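Student: A predicted structure for the sequence below; I have some questions about it.
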Amino acid sequence: MERTIMFCLLFFCCSTVLAAASHRALKYRQILRTIEKLELTVKDTDAELLHTPENPVEGCVDTALSCFKNGTLQLQPLNSQVNPTFTIAMKVFRKYTVRGPGKCESSCESYKKKTPKEFLKSFAKLIQKV
């Protein structure tokens, strides 16, 4: 009887741990949803062009994510009506932390500048890859 109870408890604990998604994966899903909402509320015309990393090599992914994080903080809302949605999105990006830059030789300034909407689409693509 005791063995059965212990086995059931062990099985329950193991299945719970395996079923839980990693914190990092959950954070990336939250960022992806935030990007999708932000694409509708960001100012695209008369806006500053942003350095947009595309297809970074394996060692430069963290540097590219850092460039995207810094770039999102430069975005502007489309108008005052979408400002609350925009403000919430900015809070998500401010809280997001990127691991160390790794062994990447390229900087954010080495990437081509694009419009805010193209910037967000590239950011979403990179998040989906990671």
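Tutor: That came through, no problem.

Student: what residues are up against the residue lying closest to Gly71 once chain neighbours are set aside?
Tutor: Of all residues not flanking Gly71 in the chain, Leu50 sits nearest, at 4.3 Å (Cβ to Cβ, 6 or more residues apart in numbering). Every residue, glycine included, has its C-beta placed from N, CA and C. Leu50 is in contact with 71, 74-75, 113-116, 119, counting by Cβ atoms under 8 Å, 6 or more residues apart in numbering.

Student: recalculate using a threshold of 7 Å.
Tutor: Contact partners of Leu50, counting by Cβ atoms under 7 Å, 6 or more residues apart in numbering, are 71, 74, 113-114, 116, 119.

Student: what's the helix or strand for Glu48?
Tutor: Using DSSP states H and E, Glu48 sits in no helix or strand.

Student: thought it was touching Gln74?
Tutor: Yes. With contact defined as Cβ atoms under 7 Å, Glu48 reaches Gln74; the gap is 6.3 Å.

Student: tell me which residue is most central in the protein.
Tutor: Closest to where the C-alpha atoms of the chain average out (Cα atoms, centre = their mean) is Ile31, at 4.1 Å.

Student: over to it. Which of the three states is it?
Tutor: Reduced to three states with DSSP: H, G, I helix; E, B strand; the rest coil, the structure at Ile31 is helix.

Student: any idea of the pLDDT on it?
Tutor: Looking at Ile31, its pLDDT stands at 89.

Student: with Phe119 instead?
Tutor: Confidence score, pLDDT, at Phe119: 92.

Student: Leu50 versus that one, what's the distance?
Tutor: To Leu50, Phe119 is 5 Å away according to Cβ to Cβ, to the nearest Å.

Student: what touches both of these two?
Tutor: By Cβ under 7 Å, 6+ apart, the residues touching both Phe119 and Leu50 are Gly71.

Student: sorry, back to before: who are the contact partners of the residue nearest to the centre of the chain?
Tutor: Taking Cβ under 7 Å, 6+ apart as the test, what Ile31 contacts is 92, 96, 127.

Student: now, which of these lie within helices?
Tutor: Taking DSSP state H as the definition of helices, the contacts of Ile31 contribute 92, 127.
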